[in-house]
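Q: Curious how this folds, go ahead:
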Amino acid sequence: MAITVFQPQNQNVSQAPTLGEQSGTFGAGVQQRKNIAQGGSGRFTNLQQYVQANEANNPNAGLLQREATARQGELGTKQQQFTTQAAPIKTGLETVRSGQQFVQSALADPTQYTTPERLQQFAGYRTGGIGDIQTPFNQFQALRSGLGAQQEQLASGLETIKSTPTALQNFIQSQRGNPALATRGENVLDRFLTQSTTSGQQAIAGLGTTASAIRQAQTPAIASQIEALKTQAQTGPLSSADVRNLITQQATPEEQYIRDINNLYVAQNVGLGADLEEDKIQYSNNVLQTPLMNYVRPQNLGTATQSSIDEAKAQYERYNQFVNQNKFLEQALADNQSELKKAEKNFSRDPYDITAGIRNAEVQRELRNNIKNLQQQREDLLNQSSGMDISKVSAYQQYLNQINKTKQELLSQYDPTRLSRIQALQQLSGSTPFTPLLQQRLS
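A: Numbers count the residues shown, from 1 in each chain. Model prediction:
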């Protein structure tokens with residue numbers, strides 16, 4: 001009640017205080033204006049004196065201030081409830097994001113995810129999907145909409161008390177110990193007192209300020225966290241089909257890489273590839289657009305490596321021809337020298353066997369001529385082949401030994417890291433897409 005001097009113990013339990021009693025500001029002890037007829041400008045009426053008497057201690061202003069504070073506290077409670085209810089939704093989205101990161105990390109580096117536990121976890125995502133984000137997000141939207149409605153209700157309630165006299169009067173009445181005992185006159189006077197005193201006016205204005213603050217209050221931080229999680233999750237795999245598509249995206253280039261392993265791949269790895277700097281000039285676009293590891297793929301080596309193979313083959317054939325000719329001459333020379341020794345040993349010692357001696361001497365002479373001719377031929381052969389380029393002969397021999405191996409054996413020898421990745425990716429896929437290709441031979 002707005003009357004400062006009123007004491008509750010003076011109130012009759014069956015009747016509210018009556019204006020004019022001694023307990024009220026309008027009681028007999030209050031100085032009355034002596035000439036009520038004098039109502040000129042600047043003079044106070046009894047109501048004005050009533051306002052002045054209650055200006056310093058207007059309880060209704062405090063009631064309004066407490067109401068504003070209570071509504072702010074209620075908003076805090078609603079926000080805390082919102083945070084509590086949204087927490088499981090956030091946890092669910094975090095679980096989805098964790099699953100997505102697991103799948104993406106596994107496909108980026110499969111060799112680190114081949115333990116039984118990780119393979120089992122990945123298989124669960126591959127067959128059952130990672131999770132649903134739309135349903136929990138819809139639940140979150142409903143919670144946020146509910147909080148917004150509650151926020152608006154709190155703000156509107158304060159604004160109604162501020163802007164509607166009847167609402168202000170009803171609110172003040174509701175704060176009495178026994179609202180039903182208040183007379184209409186008391187209720188109107190309470191409202192008048194609140195609207196007329198400076199403290200009351202400030203408290204009424206404060207209702208609007210608090211209403212604006214409640215309406216503009218930011219949604220708890222968990223809301224933006226949930227939205228961020230949902231945005232992130234939208235860009236990643238969710239269903240089992242999404243996971244399988246990611247596996248296919250990783251497997252397809254690896255399958256093509258295995259298919260492209262051919263004699264050019266072997267040639268490059270045994271050292272028959274064209275000089276890398278020359279290749280960079282010839283295939284500059286490929287080099288600029290693809291990593292070096294991709295650059296050495298057979299399709300990027302092209303005719304340069306094939307030309308190197310042809311050159312090595314020619315060197316190999318010339319070298320083999322030289323080796324075979326040299327072996328023939330060496331053997332012929334050795335045979336003639338052996339025959340000469342036999343002829344010299346078998347020379348007839350019988351001075352009367354002239355015919356045998358002459359025949360043996362002719363044989364020896366012929367053998368010596370043959371040896372001389374063979375030695376000359378050998379020397380000519382060595383002179384002719386002194387400038388022979390055989391730099392790639394060893395590599396070509398290795399090339400011939402390698403091209404009948406399986407592609408898995410070649411990868412194991414030349415690129416074991418990639419083979420491990422391919423095999424790990426196959427484990428994650430739950431099938432054997434690479435096995436038939438790896439078992440193929442080049443010849």
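
Q: For R441, give me the backbone phi and psi.
A: Per-residue torsions, R441: phi -110, psi 160 (degrees, to the nearest 10).

Q: Check T406 too.
A: In terms of degrees, to the nearest 10, the main-chain angles of T406 are phi -80, psi 160.

Q: what do you get for D389?
A: Dihedral angles phi and psi of D389 (degrees, to the nearest 10) take the values phi -90, psi 110.

Q: Identify the residue spatially nearest to it, adjacent ones excluded.
A: Leaving aside its chain neighbours, D389 sits nearest to Q315 (5.8 Å; criterion: C-beta to C-beta, 6 or more residues apart in numbering). Using the backbone N, CA and C atoms, a C-beta is placed for each residue, glycine as well.

Q: That neighbour against S385, yeah?
A: No. Taking C-beta atoms under 8 Å as the contact criterion, Q315 and S385 are not neighbours in contact, 11.6 Å apart.

Q: ok, V188 touching Q169?
A: Yes. In this structure V188 lies within contact range of Q169 using C-beta under 8 Å: 6.7 Å.

Q: Which one of those two is surrounded by more residues?
A: Neighbours per residue, other C-beta atoms under 10 Å: of V188 and Q169, the larger number sits with Q169, 20 against 12.

Q: Tell me, how many residues neighbour P110?
A: By the measure other C-beta under 10 Å, the count of residues near P110 is 24.

Q: Let's see the pLDDT reported for the residue sitting nearest the centre point of the chain.
A: Geometric centre of the chain, nearest residue: Q101, 6.1 Å, by C-alpha atoms, centre = their mean. According to the per-residue confidence, Q101 scores 97 in pLDDT.

Q: and if you look at L19?
A: With respect to pLDDT, L19 scores 32.

Q: Tell me the backbone dihedrals of A182, please.
A: The phi/psi pair for A182 (degrees, to the nearest 10) reads phi -80, psi 130.

Q: surely it meets S174?
A: No. Here A182 lies out of contact with S174, judged by C-beta under 8 Å, at a distance of 9.8 Å.

Q: buried ones in stretch 420-436?
A: Applying a neighbour-count criterion of 16 or more other C-beta atoms under 10 Å, the buried positions in stretch 420-436 are 421-429, 433-434.

Q: residues contacting Q65?
A: Contact criterion C-beta atoms under 8 Å, 6 or more residues apart in numbering gives 203, 206 as the residues in contact with Q65.

Q: In a helix, it, correct?
A: Yes. With DSSP: H, G, I helix; E, B strand; the rest coil as the criterion, Q65 is part of a helix.

Q: do you know how far it is from S199?
A: Between Q65 and S199 the distance is 9 Å, computed by C-beta to C-beta, to the nearest Å.

Q: picking that back up, A182 and S174: which is more packed in?
A: More crowded of A182 and S174, by other C-beta under 10 Å: A182, with 19 against 10.

Q: Please report the distance of the more buried one from A106.
A: To A106, A182 is 74 Å away according to C-beta to C-beta.

Q: And for G92?
A: In this structure, G92 lies at 21 Å from A106, with C-beta to C-beta as the measure.

Q: More neighbours: which of these two?
A: Neighbour tally, G92 and A106, criterion other C-beta under 10 Å: the higher count belongs to A106, 25 against 20.

Q: Quick check: that one vs L119, distance?
A: When distances are taken as C-beta to C-beta, A106 and L119 turn out to be 9 Å apart.

Q: List the buried residues for stretch 335-347?
A: Judged by neighbour count using 16+ other C-beta under 10 Å, the buried positions of stretch 335-347 are 336, 339-340, 343.

Q: any idea which of those is closest to Q397?
A: Top of the list for closeness to Q397, among those and by C-beta to C-beta, is N336 at 32.0 Å.

Q: got the contact list for the closest one?
A: For N336, the set of contacting residues under the criterion of C-beta under 8 Å, 6+ apart consists of 367, 370-371, 374.
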